[in-house]
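Colleague: The sequence and its predicted three-dimensional model are supplied below.
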Amino acid sequence: MASRLLHRLRHALAPAEPAAGGAEAEDFPERSELEDDPEGLATRLSGTLSFSSSEEAVAAQSEEEAAGQEPGGGALSPSPAECQGSNLLTRQLQDLWRRSRKSLIPQRLLFEVTSASVVSERSSKYVLYTIYLICSGQFDKAPAALTRRYSDFERLHRRLRHQFGCDMAGVSFPRKRLRRNFTAETIAKRSRAFEQLLSHLYSIPNIRSSSDFLEFFFLRDLQAAQRLTCTGMYQEALATWSNAYRLQEKLDVCNSGHFLLTLAGLVVCHQELDELSTAHCYCEQALQLLGAQDTHPLLEPFLQAHIHLSWKVGKDKRQSEARLQGLQGNGVALQQQPTLKEFLIKETLD
């Protein structure tokens, strides 16, 4: 019995044998899960970059020295060659980060692919991605959504590369595949890639304000809403006009002709659905955007609609009446001007 206890004691006090694989296997236990790693995921996850300024680093080092400690909490100091190489890399990263902060805007708008569905038609099969536009830093009560295919993103990427060669030089795009296009893994990777693509494009001022980039988001909604309005499907058209309104509002393009056309669609649909107070509010918003313009083709139709709606809901219409009379005094042929509904039907959206 005593000999057995002595044997156990000697075994417990003996130094532990190193595990198979050496220290590297102990330090990086996840390495075994990343052996088959064609995209270099293990390399990208092996360290963390810090973008703190050099002044902050010097201040932290001074505090440690004043406290009588070695910088880094008593850890072994790297060699001079290692210090020089790491400092050089840190300075390069800091310079790159500062330059990017000057050219890129803070991300106030988030692009999130919330779902993706495989659609099968008679002659084709494709994935339809649903993208939400959400304002960051606050609770967004009315996010805007759109659905796009891989081919839509590819067309946008090709047009922007043709128009903005320098800005698009470093922008990558997920390549087409000969097979496995409809697996969950491929769809998930493309979803994340499309989110990053839209966020990066939105951060570049020239691209953010370009017609190709903006129309990618709302032109299709405007075309669909116009067709529904022309066929008298006002309830369905209203939902599409409203989504196009939110998309343009989040993209901050509320002074464009497309936005005025959207307001015209909202006025017409709310009026046809007997929601006159809401129609009146959108009409007033349009007149505020038009401001002092006297030659815009939508000015007289909005004035006519505002006068009619103001009379219906019991609001003051004298200012609109005076402005309409002023247009007539300037020689504008008011009888030839279409109504808002007629303007929507005739307008061509390319």
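Modeller: Sure, I can see it. As the structure is a prediction and not an experimental result, all values here were calculated from the model.
Colleague: Show me which helix or strand of the chain is least confident by mean pLDDT.
Modeller: The weakest-scoring helix or strand in the chain, judged by mean pLDDT, DSSP states H and E, is helix 41-44 (a mean of 33).
Colleague: Tell me where this structure is predicted with low confidence.
Modeller: 1-107, 330-336 (pLDDT under 70).
Colleague: Show me the domain layout of this structure.
Modeller: With domains defined by automatic domain parsing, the chain comprises 109-208, 213-346.
Colleague: Can you add mean neighbour count and give those domains back as TSV?
Modeller: The C-beta positions use only the backbone N, C-alpha and C, and glycine is treated the same way. Shown next, in TSV, are the domains of the chain (neighbours: other C-beta atoms under 10 Å):
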stretch	mean neighbour count
domain 109-208	14
domain 213-346	17
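Colleague: Now do the strands in the protein.
Modeller: In the chain, the strands defined using DSSP state E lie at 109-120, 125-135, 144-149.
Colleague: For the second one, which strands pair with it and how are they oriented?
Modeller: Translated: strand 125-135. Paired strands of strand 125-135, with direction, are strand 109-120 (antiparallel), strand 144-149 (antiparallel) (DSSP bridges).
Colleague: Using PDB, write down the CA coordinates of the longest one.
Modeller: C-alpha atoms of strand 109-120 as PDB (Å, rounded to 0.1, in the frame of the first residue of the first chain):
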ATOM      1  CA  LEU A 109     -26.300  53.900 -43.400                       C
ATOM      2  CA  LEU A 110     -26.100  50.200 -43.000                       C
ATOM      3  CA  PHE A 111     -26.800  47.700 -45.800                       C
ATOM      4  CA  GLU A 112     -27.900  44.300 -44.500                       C
ATOM      5  CA  VAL A 113     -28.900  41.200 -46.600                       C
ATOM      6  CA  THR A 114     -31.700  39.800 -44.400                       C
ATOM      7  CA  SER A 115     -32.700  36.800 -46.600                       C
ATOM      8  CA  ALA A 116     -32.100  35.100 -49.800                       C
ATOM      9  CA  SER A 117     -34.400  32.800 -51.700                       C
ATOM     10  CA  VAL A 118     -33.900  30.500 -54.700                       C
ATOM     11  CA  VAL A 119     -36.300  31.300 -57.500                       C
ATOM     12  CA  SER A 120     -37.100  28.800 -60.300                       C
END
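Colleague: what residues does it touch?
Modeller: Strand 109-120 has contacts (C-beta atoms under 8 Å, 6 or more residues apart in numbering) with 125-136, 145, 182, 187, 191-192, 194-195, 198-199, 202, 250-251.
Colleague: May I see the strands of the chain organised as CSV, with distance to Ala264 added?
Modeller: Shown next, in CSV, are the strands of the chain (distance: least, C-beta to C-beta, whole Å):
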stretch, distance to Ala264
strand 109-120, 25
strand 125-135, 23
strand 144-149, 19
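Colleague: Out of those strands, which gets nearest to Leu178?
Modeller: Among these, strand 125-135 comes nearest to Leu178, with 14.3 Å by C-beta to C-beta.
Colleague: what sits up against the closest one?
Modeller: The contact list for strand 125-135 (C-beta under 8 Å, 6+ apart) reads 108-119, 140, 143-151, 181-182, 187, 190-191, 194-195, 198, 217, 246-247, 250-251.
Colleague: With stretch 220-232 instead?
Modeller: The contact list for stretch 220-232 (C-beta under 8 Å, 6+ apart) reads 146, 234, 236-237, 240-241, 243-244, 247, 258, 261-262, 265, 268-269, 341, 344-345, 347, 349.
Colleague: before we move on, what about stretch 167-183?
Modeller: 118, 125, 127, 150, 153-154, 157, 160-161, 186, 189-190, 193-194, 197, 200-201, 204, 206-207.
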